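# Provided below are the primary sequence and the corresponding predicted coordinates.
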Amino acid sequence: MLGHLARRERTIGELATPFRMSFAGASKHVRVLENAGLVTRTIRGRTHLCRLEAARLAEADAWLRRYERLWGENLDALEALLRAEDEAKTEKAK
């Protein structure tokens, strides 16, 4: 949904369609995004227009980048461990 909102404002119905969701289901998803501060909803009559709050995404991206190196190092260590275990099993099987 966020990807669709990155292009332009959309109605709940427009957000639901690509995912084959009901209006109620899409509205619940939008409510979660609203609570996270990622989306704002404007109601015009019966139409609910949703807009992406890109500044909040930028904040999340900045926070995630702080941990990117740590995650990368830990995942590299895990990969090395798994490769060593695979090699040990292969050697035992010979």
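Now that the structure is in, tell me what you want to look at.
# Helices of the protein, residue ranges please.
2-7, 12-16, 23-35, 54-93 (DSSP state H).
# quick one, what contacts residue 13?
Residue 13 sits next to 23, 26 when contact means Cβ atoms under 8 Å, 6 or more residues apart in numbering. Using the backbone N, CA and C atoms, a C-beta is placed for each residue, glycine as well.
# I'd like the helices of the chain as CSV, with distance to residue 43 appended.
As requested, the helices of the chain are exported to CSV (distance: least, Cβ to Cβ, whole Å):
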stretch, distance to residue 43
helix 2-7, 16
helix 12-16, 10
helix 23-35, 11
helix 54-93, 20
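# Among those, show me which one is buried the most.
Most buried of those, by mean neighbour count (mean count of other Cβ atoms under 10 Å): helix 12-16, with a mean of 19.
# Quick one: mean pLDDT for it?
Confidence for helix 12-16, expressed as mean pLDDT, is 95.
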